[in-house]
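# Sequence and computational prediction follow.
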Amino acid sequence: MFAAGTVKLGIAPIGWTNDDMPELGGDNTFEQCVSEMALAGFIGTEIGNKYPKNVSALHKALNLRNLEVASAWFSAHLTVQDYKETARLFIEHRDFLHAMGAKVIVVSEQGHSIQGQMETSLFANKPVFTDEQWNRLVEGLHGLGELAREKGMHLVYHHHMGTGVQTTEEIDRLMESTDPALVSLLYDTGHLVFSGENHIDVLKRHMSRIKHVHLKDVRADVAHQVRTEQMSFLQAVKSGVFTVPGDGCIDFTPVFEELSGASYEGWLLVEAEQDPAKANPLEYAIKARGYIRDKAGV
């Protein structure tokens, strides 16, 4: 389906160990994580908190396993923090990723976010930005985008549950308000479907802006439970709302068809945070790799 050499397949470490909830996979080591990624047939990874912070050490560990760095998450606080402080932290993050050979930088606005609050109902308390906060966000992203461009990299914005950029309307506003040369989009199937959005519509509408893809499936019964029982995002994750492609309710064939039809080039990154005590990371990584091979032909 995809032309040879146009896409790379990676997987995030969050299935092995969760940065937001260290109790999930706390005993799983960095070495186990990256070794099992390679064993499952992936060639790339995003960076988690257990990864070495030293460029040479991380290069050596990944090269031994024929793995590359696709990107890493950056928490922006542009709506609540002085831009200079966010920019300082971003430059440090950017330079590390650049040294590791990454081409994109994943950014999500965490000002007013409830995604990390264990007891806050996800849908009842979703943050909604004011016009002033939108202006701060757009202006700040343009600044960070310029900093990314200095290194020949792209800022890819991650729409995310429990934040001010979650819904189709909010994604549309962000894309309409930002310069395509400075702000690109990370397309995440799981967050869109969990939010109740039409993920194919969003894909078609913003295809020209998409420079990074997270493949995440959703367990529909758990997503329904989260809404009816007013659960938090973290409670939803612990309950298993997310899983790997091929194990939930999403048919990824149309996703792959749209991406390949638009000649998408870049990473397809499996990112499905689960409790590794309930969902063995290697088993689910192998399951995801087989599904992608069957459906996408890569």
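Nice, thanks for sending it over.

# residue boundaries of the helices in the stretch 151-298 of the chain?
Using DSSP state H, counting those that start in this stretch, the helices of the stretch 151-298 of the chain run over 168-177, 189-195, 199-205, 220-228, 233-239, 253-261, 281-296.

# For L62, which of the ones you listed is the nearest?
Nearest to L62 among the helices of the stretch 151-298 of the chain is helix 281-296 (16.0 Å), distances taken as Cβ to Cβ. Placement of C-beta: from N, CA and C, glycine included.

# quick one: low-confidence ranges for the protein?
For the chain, not a single residue meets the criterion pLDDT under 70.

# and if we set it to 90?
Applying pLDDT under 90 to the chain picks out residues 1, 3-4, 19-20, 22-26.

# For the nearest residue to D95 once chain neighbours are set aside, give me its contacts.
Using Cβ to Cβ, 6 or more residues apart in numbering and skipping the chain neighbours, the partner closest in space to D95 is K151 (7.5 Å). Contacts for K151 (Cβ atoms under 8 Å, 6 or more residues apart in numbering) come out as 94-95, 98.

# Repeat that for C249.
C249 neighbours (Cβ under 8 Å, 6+ apart): 193, 217-220.

# For L64, state which of those residues is nearest.
The closest of the contacts of C249, once distances to L64 are taken by Cβ to Cβ, is D217, at 30.1 Å.

# close enough to count as contact, the closest one and G240?
No. Using Cβ atoms under 8 Å, D217 is not in contact with G240, being 10.9 Å away.

# The two: which has the busier surroundings?
D217 (24 against 20; other Cβ atoms under 10 Å).

# where's that one relative to G101, distance?
28 Å (Cβ to Cβ, to the nearest Å).

# can you check M118 too?
36 Å.

# Next one: the nearest residue to F2 once chain neighbours are set aside from R289, what distance?
Computed as Cβ to Cβ, 6+ apart, the closest residue to F2 that is not its neighbour in sequence is S260, at 4.7 Å. Separation of S260 from R289 (Cβ to Cβ): 18 Å.

# do H77 as well
When H77 is compared with R289 (using Cβ to Cβ), they lie 35 Å apart.

# The two - which one has more neighbours?
A count of neighbours by other Cβ under 10 Å puts R289 above the other of H77 and R289, at 21 against 17.
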